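Visitor: coords below, sequence missing:
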């Protein structure tokens with residue numbers, strides 16, 4: 001090929017531009033879009049593999065209820081003096097019938113706790129008059145179910161002075177036909193979080209992205225439960241306003257104002273012990 005012929009022959013770069021010009025704009029955009037989609041999917045896949053490799057076991061494990069924060073809660077004074085044993089609170093719920101017809105529920109509400117309480121009531125329910133609570137909360141589903149049993153049987157509920165009843169535990173306390181607590185009872189509220197909504201610990205990863213409609217449905221059940229128990233549902237506004245990593249502790253005045261307590265004495269600081277029969 002002569003030098004003149006080579007000079008007239010289009011360069012590789014020019015041939016590429018001519019080929020691109022012959023392709024429709026829509027086809028170019030489609031190719032670019034699918035390339036971007038494939039690249040994004042690849043990055044997400046790698047991130048997901050790294051996440052499940054490092055945190056998969058932790059995400060599948062059941063989340064423990066949040067214990068009282070060391071800092072002061074929003075819009076309130078100092079935290080109450082809590083005498084509950086943190087180790088006992090962190091354990092799965094213990095169901096124990098003690099003297100005086102007092103059924104003590106101590107520890108965390110976990111999936112299946114309601115069935116254990118139901119079994120105890122079916123076996124020895126005729127002896128139970130009072131449910132004594134000391135719990136950091138846990139599964140909302142189980143707490144509501146236990147509260148239903150208490151309301152159906154007309155049992156009294158007690159949170160002794162210095163005892164902690166937090167998160168979903170106040171829902172159980174609210175169900176009592178008679179509700180005894182004092183200004184020194186540590187009754188704390190906060191927002192319901194995903195792991196508490198889910199009854200299956202293995203679904204924690206899925207529950208972390210729970211839809212707004214699910215949260216609204218849970219809130220509706222809680223408000224209906226409080227109303228049926230004779231408690232002012234405005235009480236739950238404190239829970240909705242408090243982040244899951246904090247607790248709003250109710251004062252003695254608030255317990256009375258929201259009708260959360262029905263006291264046998266004249267003072268909200270009276271010891272919350274079962275009445276003598």
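Guide: Thanks, I have the structure now. Just so we're clear, the structure is a prediction, and the values are computed from it rather than from any experiment. Numbers count the residues shown, from 1 in each chain.
Visitor: in a helix, residue 183, correct?
Guide: No: per DSSP: H, G, I helix; E, B strand; the rest coil, residue 183 lies outside any helix segment and is coil.
Visitor: excluding sequence neighbours, find me the nearest residue to it.
Guide: residue 252 (3.0 Å; Cβ to Cβ, 6 or more residues apart in numbering). No exception for glycine: its C-beta is placed from N, CA and C like everyone else's.
Visitor: residue 133: which element?
Guide: strand 130-134 (DSSP states H and E).
Visitor: for residue 104, that is, sorry about that
Guide: Residue 104 belongs to strand 102-106, assigned by DSSP H and E.
Visitor: other SSEs contacting that strand?
Guide: Using 3 or more Cβ pairs under 8 Å, 6 or more residues apart in numbering; DSSP states H and E, the elements in contact with strand 102-106 are strand 94-98, helix 113-124, strand 130-134.
Visitor: can you give me the angle that strand makes with helix 113-124?
Guide: 160 degrees (axes from the mean of the first three to the mean of the last three Cα atoms, to 10 degrees).
Visitor: what comes into contact with strand 102-106?
Guide: 88-89, 91, 93-98, 117, 120-121, 128-135, 146, 155, 158, 172, 274 (Cβ atoms under 8 Å, 6 or more residues apart in numbering).
Visitor: what about it, average pLDDT?
Guide: What strand 102-106 shows for mean pLDDT is 97.
Visitor: parallel or antiparallel, list what pairs with it.
Guide: When pairs are called by DSSP bridges, strand 102-106 turns out to pair with strand 94-98 (antiparallel), strand 130-134 (parallel).
Visitor: on that earlier part again, ranking the helices and strands packed on strand 102-106 by burial, who's on top?
Guide: Between these, strand 130-134 has the highest mean count of neighbours, a mean of 24, where neighbours are mean count of other Cβ atoms under 10 Å.
Visitor: for it, give me every contacting residue.
Guide: Identification of contacts with strand 130-134 by Cβ under 8 Å, 6+ apart yields 84, 88-89, 100-107, 150, 155-160, 163-165, 169, 172-173, 176, 274.
Visitor: give me the buried subset of those.
Guide: In terms of neighbour count (16 or more other Cβ atoms under 10 Å), the buried residues within the contacts of strand 130-134 are 84, 89, 101-107, 150, 155-160, 163-165, 169, 172-173, 176, 274.
Visitor: okay, and which of the residues you listed map to helices?
Guide: Of the buried ones among the contacts of strand 130-134, the ones assigned to helices by DSSP state H are 89, 150, 169, 172-173.
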